[in-house]
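In: let me see the structure of the following:
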Amino acid sequence: MHRRSNARRMLVWVTIPTVAIAALVVPMAAQAAAPKVPAGFSFSGSGWGHGVGLSQYGARGQAQEGRTATQILTHYFSGTTVKPVTDAVDLRVNLQFDVPSLRLRGEPLRSTGGSVQLSIGSKNLTVAPRAAITLRASGTDVQVVSGTKVLATGNPVTVRWSGTRSPGSTGSRPAVLNLVSGSSSLDTSGHRYRYGQVEVRSRSNAAGARTLSAVNVVNLHDEYLLGVGEMPSSWPMAALQSQVVVARSYALVRYQSGVRAGCWCHVFDDTRDQVFAGYGKEAGPSGDRWRQAVLTTAYSATTGRVVLYGNKVAQTFFSSSTGGRTQNSEDVWGSALPYLRSVDDRWSRDSRNNPTYAAWGPRARTQQQVAQAFALPNVSRIDLTSRHASGAVRSAKAWSATGQYAVLSGATFTQRLALTSRWSFVTGTPNPMATKPVVPAAYTLSTGVVPASVVIPADARVSGFVLPSTASKGKRVVIQKWVNRSWKQAGSVTVAADGGFAFTASPAARGNHLYRVWKPSDNCTAKGCATKGAVSASLRLDGAQLYSVGVASGAIAAKKGGLAMISGGVAPATAGSRVLIQRLSKGTWKTLGSTVVRSSGRYSYGTRVLSAGRYAYRVWKPSDQCSSGTCLLKASSSKTVIVTVR
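Out: This is a model prediction of the structure:
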C-alpha cells in the first residue's frame, strides 16, 4: 500500500501602510471546497473465485452448447492435450487435521457388514458394526477408547472396515466408515468413507500441543475421484467429465510432489486442495451420473485421462466463474504458466447459465469499512480503472477528503471489503466487463474423431468447433484436400450458432486421403487482422475397398476319398496373395488350407473328403495393404459352398 499527502500551502499576511487617499483592495481567490465524504460505497461485479484455469460455470455453458470435455479442457488450458496416463496410485487424503480427538464407527450398507478393525502395532482390535470408538491424543501416542475404557495405545492407528480392498478381518460386505472430530456428532450427514483405509497419527502442532491427523489412503484412479465434490452431479455430462479430468490431473501433480510433512498427506479434503466428500458424493443426488463421468474418463483399469502440457501433467486449477475472461496465473499468484492464460469465459456472464454470479451486488460498505480497508482517515473517491487482461481489478486507489491517497492490490482490496470476486466496480459507474466486448486474438479450431477408413463409395462425416462461437457463428470454414502436393479447396460450410460445423468427406478412390479445415482471419484492416485464423491438423481418411470373392459353383458333388475342387475369382485381383479355404465345424469356421491367387484373380483348391455326408465350405480373403491398423483392401468371404460326398 502506498500513501502520499499533498504539501499544505502556507499563507503569509503582509500589512501595507496607506500612502495615498485611497487603497486598491484585491480579493483572494476563493479556496476550493473540500471533496464530499459519502456515507458509504456500493460495489457490484461478476464471478466467484480466483478465476485461473477451468471456469466451472464456463464448462457448464460450453457443455450445454454441445462441446466435449476435451474441447472444454483445451479451451481453458492453452496449448494442452488430453491423454491417458497411469493413475492407479495410493493417494493420501487428509480428512481431519490438528484435532484433539476423533470419533468413528462402521455402518453397513446392507443388512450385514460394518465391522471395523483397528491395528496398533501388532495388536488388532475388532469393533462391532455401529459401535462408536474414540481416538484421542496422548503424548506421542494415540489412545483407542471405548466409553471410558482405554483399549490400546500406539502410533499410528490403522483403521480398516468391511467391503474395502484391504478389509483385514472384517469381511467383504460393503460398509462405510463414519469419522468426525471428537466435538462433532456421528449422526449428521456427510463424513462417511467407502474405500481404502484410514491412518490416525499423533502430532505436535505449532503451539506445542499434541493433536491428531487422520488420512484416508485411497486409489486415485477411482476411489478418490468418486468422492470429489466440486460440481453438482446434475450438470451436463461433458462438464462433469471436464471436472473429473481436472480433479485427476490436480491430484496426480500433488501425488508426484510427494507426501507433505506434518499432515502425512498429498491433499487435504477441502478448498486447500479440492473438496473430497467421500461416499456422500457417490450416494447423493444424481450420484450415478458422477460415477459415469469418472468411469468414462478412465482409459483402462490403471490409466485415466489427464491434461498434459507437453509430456507433463498440468496443474489444473479451477474456480466457480469469472467476469467474462479467466485470469493469467501470474496476475493471481505471480508465477506465469504457459497453459494458464486469460481466455474467453463469456458463459460465466450468462445469467441463464450462472444465475448467482453472472452479476452480483450491489454490496454496500460503510464509510468506516472502506476507510479502514485503505487505512485512510476517510475516503471521498475510489478509482478501479487499473485492470488485468481478464478485466479483474489489478489495483484500487482511494483518496481522502484532504488529498491523501492509498493503493491496494486487487486481491487485498477484494479481501478487505469481503467482495465476491475481483471482477468488481463501484455501483453506478460503467461496468468495465460489459463495456469491453471480447474480440478474440485468434480462433481455436478443433475437429472430432475421424474414422480411420471408409469402404468406397461410403462417405465419412467430419465435425468440429470454431471457438469462440460469438465470433465464428455465421462465418464459413473452408474444407481443403491434399492434391498434387498442395492443399486445394474442396468446399466450405457455415459455422452454426454454437460454433459447430460438419461436412462429408467422399474419397473417390482407394488410398490415403488428407483433409483439413481452415477458418480464415476476420476483422481485417490494412494494419492487419484483429482475429487471426486457424487451421486444423491434417485429417487422414483411408478409402478402402471390400474384396469380392466369387465361387464357380455353390453346390459340388464328390466321391468318398476323392477331392472336392473349389474354385472361383477374387476382385480386385491381387496376384500372389492367398485365400483361405474354411469348413463349418460345430458352428465355427475352421481353416483347412490356403491357395495363391493368380494374376487373373482366379484361384482353385482341392480338398480331400473322407466321409459321406453334406459339408459347408467358404473361401475367405484376408485384408491386404494394411498399415497402422487400417487396411485399404478389406477382408471378405464367398457365399457358402455345399459339398455332398457319396
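In: what sits closest to residue 604 if chain neighbours are left out?
Out: residue 567 (3.9 Å; CB to CB, 6 or more residues apart in numbering). From N, CA and C alone the C-beta is placed, and that goes for glycine too.
In: how close does that neighbour sit to residue 51?
Out: Counting by CB to CB, to the nearest Å, the gap from residue 567 to residue 51 is 74 Å.
In: who has more neighbours out of these two?
Out: Comparing residue 567 with residue 51 by other CB atoms under 10 Å, the one with more neighbours is residue 51, at 30 against 16.
In: so who does the more buried one touch?
Out: Residues in contact with residue 51 (CB atoms under 8 Å, 6 or more residues apart in numbering) are 319, 321-323, 326-327, 332, 390, 392, 421-423.
In: just those now: which is nearest residue 551?
Out: residue 326 (65.2 Å; CB to CB).
In: for that closest one, what are its contacts?
Out: Taking CB under 8 Å, 6+ apart as the definition, contacts of residue 326 comprise 51-53, 55, 58, 76, 341-343, 345, 390.
In: which member of the residues you listed is positioned nearest residue 455?
Out: Among these, residue 76 lies closest to residue 455 (CB to CB), at 38.6 Å.
In: setting the sequence-adjacent residues aside, check what's closest to that closest one.
Out: residue 54 (4.7 Å).
In: could you measure from that neighbour over to residue 77?
Out: 7 Å.
In: cool, and residue 334?
Out: With distances taken as CB to CB, residue 334 is found 19 Å from residue 77.
In: ok, residue 396 next?
Out: Computed as CB to CB, the residue 396 to residue 77 distance reads 30 Å.
In: more neighbours, those two?
Out: Legend: neighbour count by other CB under 10 Å for residue 396 and residue 77, higher for residue 77 (29 against 25).
In: phi, psi for the most centrally placed residue in the chain please.
Out: Nearest to the geometric centre of the chain sits residue 242, at 3.0 Å (CA atoms, centre = their mean). Torsion angles at residue 242 (phi, psi; degrees, to the nearest 10) stand at phi -60, psi -40.
In: dump the residue contacts of it.
Out: Residue 242 touches 54, 59, 63, 69, 72-73, counting by CB under 8 Å, 6+ apart.
In: do you have the helices of the stretch 151-300 of the chain handy? List them.
Out: Here the stretch 151-300 of the chain has its helices, by DSSP state H, counting those that start in this stretch, at 237-256, 279-283, 287-296.
In: nearest to residue 631, of these?
Out: Per CB to CB, nearest to residue 631 of these: helix 287-296, 29.2 Å.
In: about what we covered before: deepest-packed of the helices of the stretch 151-300 of the chain, please.
Out: helix 237-256 (a mean of 24; mean count of other CB atoms under 10 Å).
In: hmm, back to that, restricted to strands, list the contacts of residue 51.
Out: 319, 423 (DSSP state E).
In: now render the contacts of residue 51 as a markdown table, adding distance to residue 400 and pLDDT.
Out: Conversion of those to a markdown table gives the following (distance: CB to CB, whole Å; pLDDT from 0 to 100):
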| residue | distance to residue 400 | pLDDT |
| --- | --- | --- |
| 319 | 34 | 97 |
| 321 | 34 | 97 |
| 322 | 32 | 97 |
| 323 | 29 | 95 |
| 326 | 35 | 96 |
| 327 | 31 | 96 |
| 332 | 29 | 96 |
| 390 | 30 | 94 |
| 392 | 25 | 96 |
| 421 | 27 | 96 |
| 422 | 24 | 96 |
| 423 | 26 | 96 |
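In: buried only: go through the contacts of residue 51 for me.
Out: Buried members of the contacts of residue 51, counted by 16 or more other CB atoms under 10 Å: 319, 321-323, 326-327, 332, 390, 392, 421-423.
In: residues touching residue 644, list them.
Out: Counting by CB under 8 Å, 6+ apart, residue 644 touches 555-558, 613-615.
In: out of these, which two are the most distant from each other?
Out: Taking CB to CB, no two of the contacts of residue 644 sit farther apart than 555 and 613, at 14.2 Å.
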